[in-house]
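Trainee: after the sequence you'll find the predicted model.
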Amino acid sequence: MQVAVKAQVERDVPESWWTLKRSTDVVLGLILLIVTTPLVAVAMLAIVCVTGGQPIFAQERIGMRGRRFKMYKLRTMVKGAHEMRDDLMHLNEVDGPVFKIRNDPRLHRLGGFLRRTSIDELPNLLNVLIGDMSLVGPRPALPCEVEHYDAYARRRLEVPAGITCLWQINGRSEVNFDEWMRLDNAYVDSWTPLGDMLILLKTIPAVLRKDGAH
């Protein structure tokens, strides 16, 4: 199922670039999945011990050209967290159609650590191998956020959603919505296979520094 996405003038990208992007996603994604599986397994066990609930959380997101898919993450919030969103809206710290709280009261005892270290996003690698996402691309948005996008923001849907992107390595949650959209549009207009590799390399120190991770 898809959400309505207004037609945009798409950038003319060589087909070989898309092939190389997908090949890199499959090969590097599989390697990263194998390497990080022990860490994810430990984190899943810890979540079960601390919360007594399911460790994996699947949430509907919007991908390329408005396609809906289930994105997998390690669960960082208490049960029923999304039902509390309206009651906590007055605590929202970001502008635009996005909801983020630095010290979110819905996080369970391990949630903050998992988010600050980006360990919660490692199951996204499953989405990469399935083909829902790419290693590099704009972070997949919630349907309720996309509903409020203007034409400029919708351009971020012209490329596959990704695990990391220019937003991730340039401040993440510290960046306001307009700058976030500018960075995503810059990626849409200029991405190359080599550029993707550079973003991946820059993601490592950004994650270690915990830039804007909350």
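Mentor: Nice, I can see it.
Trainee: please enumerate the helices of the chain.
Mentor: 15-51, 85-88, 111-116, 124-130, 143-146, 151-154, 177-190, 193-209 (DSSP state H).
Trainee: how about the CA coordinates for the second one, as PDB?
Mentor: In PDB, the C-alpha atoms belonging to helix 85-88 read as follows (Å, rounded to 0.1, in the frame of the first residue of the first chain):
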ATOM      1  CA  ARG A  85       2.000  10.600  22.000                       C
ATOM      2  CA  ASP A  86      -0.900  13.000  22.100                       C
ATOM      3  CA  ASP A  87      -0.600  13.500  25.800                       C
ATOM      4  CA  LEU A  88       3.100  14.300  25.500                       C
END
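Trainee: mean confidence score for it?
Mentor: Averaged across helix 85-88, pLDDT comes to 72.
Trainee: now stretch 156-163
Mentor: 97.
Trainee: give me the neighbour count for the closest residue in space to Met197 that isn't next to it in sequence.
Mentor: Nearest residue to Met197, sequence neighbours excluded (Cβ to Cβ, 6 or more residues apart in numbering): Thr24, at 7.8 Å. C-betas here are computed from N, CA, C, even on glycine. By other Cβ atoms under 10 Å, the residues close to Thr24 number 18.
Trainee: torsion angles phi and psi at the residue most central in space within the chain?
Mentor: In the chain, the residue lying closest to the centroid (Cα atoms, centre = their mean) is Arg139, at 3.6 Å. Dihedral pair for Arg139: phi -60, psi 140, per degrees, to the nearest 10.
Trainee: the one 3 residues further on too?
Mentor: In this entry, Leu142 is assigned phi and psi values of phi -80, psi 150 (degrees, to the nearest 10).
Trainee: so what pLDDT did it get?
Mentor: pLDDT, Leu142: 94.
Trainee: that one: what's it in contact with?
Mentor: Neighbouring residues of Leu142 by Cβ atoms under 8 Å, 6 or more residues apart in numbering: 59-62.
Trainee: count of neighbours near the closest residue to Gly63 other than its chain neighbours?
Mentor: Using Cβ to Cβ, 6+ apart and skipping the chain neighbours, the partner closest in space to Gly63 is Ala161 (4.6 Å). Ala161 has 26 neighbouring residues, counting by other Cβ under 10 Å.
Trainee: list the contacts for Ala161?
Mentor: Per Cβ under 8 Å, 6+ apart, neighbours of Ala161: 61-64, 132-134, 137-141.
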